[in-house]
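Enquirer: return a 3D structure for these sequence lines:
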Amino acid sequence: MKERSFSHQQASDLLATAAKLEAASIETSESRLSLQELREAADAAGIDPKWVDAALETSKRPKPAGTHWGIPLGVERTVVIPGEVDEDLWGRMVQTIRSRLNQKGTVESIGRTHRWSNNQREVIVEPAGENTVIHVRNDWSGAVKVFSWMSIGFAGGAGLFGLLGYLLEPEVLITAGIFATVALVYSLVAWVVYPAQKKTAERKVDALAEELTDLAVGPTRSPAAYRAPAEPAEEGAGILTDTDGFSSAEDSETRNRVRTT
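Expert: Purely as a prediction, here's the structure:
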């Protein structure tokens, strides 16, 4: 009978689930492991101990600001990868970000710290000792505060005009009604629309953070396939044409058929 095998991702998921089940089965808190014991356990399970240090660094990262009057201000994910992100890898990360979010954004680098941003979205890559920290954010705090304060302002105006209409001129009640309607619209946007979009934003941020992590630590990290040659070997080399993919002179007839179909 053929022995069952598992992919690296499946093995990681199984080990993580087994660790949670084992921890839940322990009724007392007396059993504790040192950091060195954790590294040794990871090594025995076929996991590079450096990932234990990366996971520990991730757990220390502060959580982003949560809410404003109960309204979520955005979502953020932070991951730690071993090693540093050089210019080649950062260039591929930018391509991935633009492809995933369908936004060009603004790119800037200061030393080993890199940043991509566009409106409410931001990706920051910064060194942390021998590791690199990747922050992926979707922040709509500015819009939430504007809509929430505007709703309160218009609600106050509606109350004031309503009082004036009641005491002085009934026609002023129309203005009070307009202000009340605007206040209601702003309230719906602040307290309904933005909270509803949080789960969707979390999925997108999680997917992007995972994709950037895979790009940074995966087997295709070598940038050779992503760089054009420094100097073309001959005229036209390194330039993508509609005939790329055919390399021999014997394929000329095939190339001609491709152009005509």
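Enquirer: quick one: the strands in this protein?
Expert: 67-68, 71-72, 74-82, 106-110, 113-118, 121-128, 131-139 (DSSP state E).
Enquirer: for Glu40, find the nearest of those.
Expert: Glu40 sits nearest to strand 74-82 of all the strands of the chain, at 18.0 Å, using C-beta to C-beta. Where you see a C-beta, it was placed from the backbone N, CA and C, and this is true even at glycine.
Enquirer: sorry, back to before: tabulate the strands of the chain (a markdown table), appending distance to Asp88 and mean pLDDT.
Expert: Converted to a markdown table, the strands of the chain look like this (distance: least, C-beta to C-beta, whole Å; pLDDT from 0 to 100):
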| stretch | distance to Asp88 | mean pLDDT |
| --- | --- | --- |
| strand 67-68 | 39 | 86 |
| strand 71-72 | 36 | 89 |
| strand 74-82 | 15 | 88 |
| strand 106-110 | 12 | 92 |
| strand 113-118 | 12 | 94 |
| strand 121-128 | 13 | 92 |
| strand 131-139 | 14 | 91 |
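Enquirer: could you dump those to CSV with distance to Ala18?
Expert: Converted to CSV, these look like this (distance: least, C-beta to C-beta, whole Å):
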stretch, distance to Ala18
strand 67-68, 35
strand 71-72, 33
strand 74-82, 23
strand 106-110, 41
strand 113-118, 37
strand 121-128, 29
strand 131-139, 26
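Enquirer: and those: which comes nearest Ser187?
Expert: strand 71-72 (10.4 Å).
Enquirer: beta partners for Ile81?
Expert: Beta-bridge pairing for Ile81 (DSSP bridges): Thr132.
Enquirer: quick one: neighbours of it, just the number.
Expert: 23 (other C-beta atoms under 10 Å).
Enquirer: tell me the buried residues in the biggest helix by length in the chain?
Expert: As assigned by DSSP state H, the longest helix anywhere in the chain is helix 141-167. Residues of helix 141-167 classed as buried by neighbour count (16 or more other C-beta atoms under 10 Å): 141, 143-144, 147-148, 150-151, 154-155, 157-158, 161-162, 165.
Enquirer: that helix - contacts with which helices or strands?
Expert: strand 67-68, strand 71-72, helix 172-188, helix 194-217 (3 or more C-beta pairs under 8 Å, 6 or more residues apart in numbering; DSSP states H and E).
Enquirer: re earlier: looking at the strands of the chain, which is nearest to Ile47?
Expert: The nearest among the strands of the chain, by C-beta to C-beta, is strand 74-82 at 12.1 Å.
Enquirer: tell me which residues in that closest one are buried?
Expert: Here strand 74-82 shows Gly74, Val75, Glu76, Arg77, Thr78, Val79, Val80, Ile81 as buried, counting by 16+ other C-beta under 10 Å.
Enquirer: where in the protein is pLDDT low?
Expert: 1-3, 6, 8-10, 12-13, 16, 19-31, 51, 53-65, 219-261 (pLDDT under 70).
Enquirer: how many residues are close by the closest residue to Leu15 other than its chain neighbours?
Expert: Computed as C-beta to C-beta, 6 or more residues apart in numbering, the closest residue to Leu15 that is not its neighbour in sequence is Ala45, at 5.8 Å. By other C-beta under 10 Å, 12 other residues sit near Ala45.
Enquirer: which phi and psi does Ala45 have?
Expert: Main-chain torsions, Ala45, degrees, to the nearest 10: phi -90, psi 0.
Enquirer: from Thr175, how far off is Tyr166?
Expert: Applying C-beta to C-beta, to the nearest Å, the value for Tyr166 to Thr175 is 13 Å.
Enquirer: go on, Val217?
Expert: Relative to Thr175, and taking C-beta to C-beta, Val217 is found at 61 Å.
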